[in-house]
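>>> Sharing a model that was predicted from the sequence below.
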Amino acid sequence: MRQSVRILHQCLDRLPGGPDNRSGEPINVPGGKIVLPPKEKVLTSMEELIHQFILVTQGVNAPAGEIYFSVENPKGELGFYIHSKGGGTPHRLKIRAPSFVNLSILPWLLPNHMISDVVAILGSLDFVMGECDR
C-alpha cells in the first residue's frame, strides 16, 4: 500500500499545473485521434467539427482481439465481453446483466411454494426487468 501511495504521488507531481492543477488546464491524453476537441474549438473551427464528428460516429480504432471486463454493481457483477476485428465498432458485444443472472436461482427458490408467494420471492431478489427482457 505504501508503494502504491508513492506511485500516486509521482503521478500527481507530473500532472500539468501540479498536484492540485492550479493552472486549471485540462488533463487529456495527448493523442488527437482519441480525445474529443474542446467545445469552443468545435464551435469555431470546421476542422475540429469534422474531427469530433468522425470520432463520435466511427469510434476509436480498437485493435483486433477480445476482452471481458467486469465491475461490481449493487445488484451483482456487471460484465462486458467485447470481440473486435479492428476498427471503430466491435464485431460482437455481450453485456452480462446482474439482474438476469440473479433470476437463474428461481428454479431452486420456487418449488413447494404457493403461487401467491412468487410475488414476494421476486420482490426479495430486487431485479430490474429492463435488464432481464433482452
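Thanks, I have it.

>>> Report the contact partners of the residue lying closest to Lys85 once chain neighbours are set aside.
Closest residue to Lys85 apart from its sequence neighbours, by Cβ to Cβ, 6 or more residues apart in numbering: His91 at 4.6 Å. Where C-beta positions appear, they are placed from N, C-alpha and C, glycine not excepted. Residues in contact with His91 (Cβ atoms under 8 Å, 6 or more residues apart in numbering) are 83-85.

>>> Which pLDDT value belongs to His91?
Reading off the confidence values, His91 has pLDDT 90.

>>> Now do Asn21: how many residues are near it, please.
13 (other Cβ atoms under 10 Å).

>>> What separation do you get for it and Leu110?
Distance, Asn21 to Leu110, using Cβ to Cβ, to the nearest Å: 55 Å.

>>> hey, where'd the strands end up in the protein?
Using DSSP state E, the strands of the chain run over 65-73, 76-84, 92-96.

>>> Pick the most buried one from these.
strand 76-84 (a mean of 15; mean count of other Cβ atoms under 10 Å).

>>> what are the pairing partners of that one, and which direction each?
In the sheet, strand 76-84 lines up against strand 65-73 (antiparallel), strand 92-96 (antiparallel) (DSSP bridges).

>>> Format the ones you listed as TSV; extra columns: distance to Thr57.
As requested, the strands paired with strand 76-84 are arranged in TSV below (distance: least, Cβ to Cβ, whole Å):
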stretch	distance to Thr57
strand 65-73	23
strand 92-96	17
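
>>> closest to Glu48 out of those?
Glu48 lies closest to strand 92-96 among the strands paired with strand 76-84, at 29.2 Å (Cβ to Cβ).

>>> can you pull the alpha-carbon coordinates of the closest one into PDB?
The C-alpha trace of strand 92-96 is given here as PDB (Å, rounded to 0.1, in the frame of the first residue of the first chain):
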ATOM      1  CA  ARG A  92     -19.600  -8.700 -31.000                       C
ATOM      2  CA  LEU A  93     -20.700  -7.100 -27.700                       C
ATOM      3  CA  LYS A  94     -22.300  -9.100 -24.900                       C
ATOM      4  CA  ILE A  95     -23.400  -7.500 -21.700                       C
ATOM      5  CA  ARG A  96     -23.800  -9.700 -18.600                       C
END
